[in-house]
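Novice: I would like to see how this sequence folds:
(2 chains)
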Amino acid sequence: MTDIAVIDYGMGNLHSVSTRLMQAAPDLKITVTSDPAVVAAAARVVFPGQGAMPDCMRELDAHGLHKAVLEAAYTKPFLGICIGLQMLFASSEEGNVGCLDVLSGQVRRFAGSMTTADGERVKVPHMGWNRVRQVAAHPLWQGVTDQAHFYFVHSYYVETADSSMIAGTSDYPLPFTCAIARDNVFAVQFHPEKSGADGLQVLSNFVRWQPVSWLARPRRLAVG
Amino acid sequence: MLAKRIIPCLDVNAGRVVKGINFVGLRDAGDPVEVAARYNKQGADEITFLDITASSDNRDLILHIVEAVATQVFIPLTVGGGVRKVEDVRRLLNAGADKISINTAAVQTPQLIADASSHYGSQCIVVAVDAKRVEGPGPAHWEVYTHGGRRATGLDALEWGRHAQELGAGEILLTSMDRDGTRAGFDIELTRAFSDALSIPVIASGGVGNLEHLVDGIAQGHADAVLAASIFHYGEFTVGQAKQLMAARGIEVRL
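Specialist: The predicted structure follows:
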């Protein structure tokens, strides 16, 4: 049985993600897969990806993975990376498409006309190493210094009104959400697989993480 | 705040790192995997490979090199040289590249930029512009050269940069042909013209001879990243030294 499924819907480079996970968890079986049954059977799921949102949603559907991803996001340790974070939200300005709607919020584009305090033009895509502010404690931040640099490459960012799920922010030049945490889901805008030692630490934390899933979360039932 | 990037560049010919002067005359500078691992340890923010292999027999060597490097080095890798079609982009991404740099083919077939970026996303499509200053009266301008700097195109470099951005390029790798290999510093005027005019990041390249030149590219040229080869290849300076100097000059870097 697969311990960690890395979801492959045909968008981009999964080489680094899978190699880095193998280094984080040499004893676990890591499978890059397009098979919904493998995803369903896996103990943990990593949801990476890059590319344009309309293509990503279309390819996810074309590979028959939509339902398997949803199910994983509600039931087992789940790590979203880059567009794998963005796809969890309700909709995206990129192509004006609906996304998986696991989390409430939208995916928005960085304004192209911003300038920094020094009057320098803010370039889009946001590309390079930026500091990540850990705004909430989380097992996946363990051993990672607050304000450590991680590698980003994106033109869109997630925006949510539910501040309880914001685990990390970065400034470009305004603060934006770059890590979210809810129950069994942790998802990041940066690329841990490309972020040197700190990135490896996040992945090592993920492979050991034992969260309570959304499905198993105790709920107060409405009475009367 | 986003850090400014230092990017060592490895020109690769038939499986070896080489360094030319003014685009001709090659010296051996080592094994690509070893050199990349060394720069990673020194704190490089990215690594760029330019495949300058002339012979088509050795074309696939770069795929193996990218695979080997991507297994050992966990910072972004950009690969360019000989990228002609979307299929080439796909193969390099699958081998472990994060960004693909396109030069001659983008000039010949600008639609390639649009096709590649619409499928794989702008963030992984870099357009490399080799620019040479045009002498004469009037405001400064530069002409685009292709085929490794051997062929003039008649295109105005800045106009081409703007067009590449419109087509979906996510970044420009801007090389001054006048300065490349001279160690006289970046063409600051060229770098600044691009950086200020474009909304996408610009990597300055060509002419770095000392660490002050790297600072100048950012502070005066307004570049988002600086690329250099020879000052790092022969152990003259480390990437770490470059970052220390930049930090001392108030530039945000990842230390």
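Novice: In the chain, mark out all the strands, start to finish.
Specialist: Let's take chain A. A:4-7, A:30-33, A:44-47, A:78-81, A:91-92, A:97-98, A:106-109, A:126-134, A:148-154, A:156-159, A:166-171, A:175-182, A:185-188 (DSSP state E).
Novice: not what I meant, chain B
Specialist: B:5-13, B:16-21, B:24-30, B:47-51, B:77-80, B:99-102, B:125-133, B:142-146, B:151-156, B:171-176, B:202-205, B:225-228.
Novice: Could you export these as a markdown table, including mean neighbour count, distance to A:Arg219 and mean pLDDT?
Specialist: Every C-beta, even on glycine, is put in place using the N, C-alpha and C of the backbone. Formatted as a markdown table, those follow (neighbours: other CB atoms under 10 Å in any protein chain shown; distance: least, CB to CB, whole Å; pLDDT from 0 to 100):
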| stretch | mean neighbour count | distance to A:Arg219 | mean pLDDT |
| --- | --- | --- | --- |
| strand B:5-13 | 24 | 47 | 94 |
| strand B:16-21 | 18 | 59 | 76 |
| strand B:24-30 | 13 | 60 | 72 |
| strand B:47-51 | 24 | 49 | 94 |
| strand B:77-80 | 26 | 46 | 96 |
| strand B:99-102 | 25 | 45 | 96 |
| strand B:125-133 | 26 | 46 | 98 |
| strand B:142-146 | 22 | 62 | 97 |
| strand B:151-156 | 14 | 63 | 97 |
| strand B:171-176 | 28 | 47 | 98 |
| strand B:202-205 | 30 | 51 | 98 |
| strand B:225-228 | 25 | 49 | 97 |
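Novice: Out of these, which gets nearest to chain A?
Specialist: strand B:5-13 (5.1 Å; CB to the nearest CB).
Novice: quick revisit: between the strands of chain B, which one is nearest to A:Glu120?
Specialist: strand B:202-205 (12.0 Å; CB to CB).
Novice: residues from chain A in reach of chain B?
Specialist: Residues of chain A found near chain B (CB under 8 Å from any CB of the partner chain) are A:11-13, A:15-16, A:19-20, A:50-52, A:55, A:112, A:116, A:120-121, A:123-131, A:149, A:151-155, A:171-173, A:191, A:193-196, A:199-200.
Novice: For the strands of chain A, could you give me a markdown table that also reports mean pLDDT?
Specialist: A markdown table is the format used below for the strands of chain A (pLDDT from 0 to 100):
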| stretch | mean pLDDT |
| --- | --- |
| strand A:4-7 | 98 |
| strand A:30-33 | 96 |
| strand A:44-47 | 98 |
| strand A:78-81 | 98 |
| strand A:91-92 | 97 |
| strand A:97-98 | 96 |
| strand A:106-109 | 97 |
| strand A:126-134 | 98 |
| strand A:148-154 | 97 |
| strand A:156-159 | 97 |
| strand A:166-171 | 98 |
| strand A:175-182 | 98 |
| strand A:185-188 | 98 |
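Novice: Any regions of chain A where pLDDT drops low?
Specialist: A:221-224 (pLDDT under 70).
Novice: mind listing the helices for it?
Specialist: A:15-24, A:36-41, A:53-62, A:66-75, A:83-86, A:196-208 (DSSP state H).
Novice: Deepest in the core, which of those is it.
Specialist: Mean neighbours per residue, mean count of other CB atoms under 10 Å in any protein chain shown, is largest over the helices of chain A for helix A:83-86, with a mean of 27.
Novice: other SSEs contacting that helix?
Specialist: Judged by 3 or more CB pairs under 8 Å, 6 or more residues apart in numbering or on different chains; DSSP states H and E, the packing partners of helix A:83-86 are helix A:53-62, strand A:156-159, strand A:185-188.
Novice: Now distance to B:Ala193 too, for those, in CSV please.
Specialist: Output for the helices and strands packed on helix A:83-86, formatted as CSV (distance: least, CB to CB, whole Å):
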stretch, distance to B:Ala193
helix A:53-62, 33
strand A:156-159, 28
strand A:185-188, 36
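Novice: Can you tell me which of these is nearest to B:Gly154?
Specialist: So among the helices and strands packed on helix A:83-86, helix A:53-62 is nearest, using CB to CB, at 34.9 Å.
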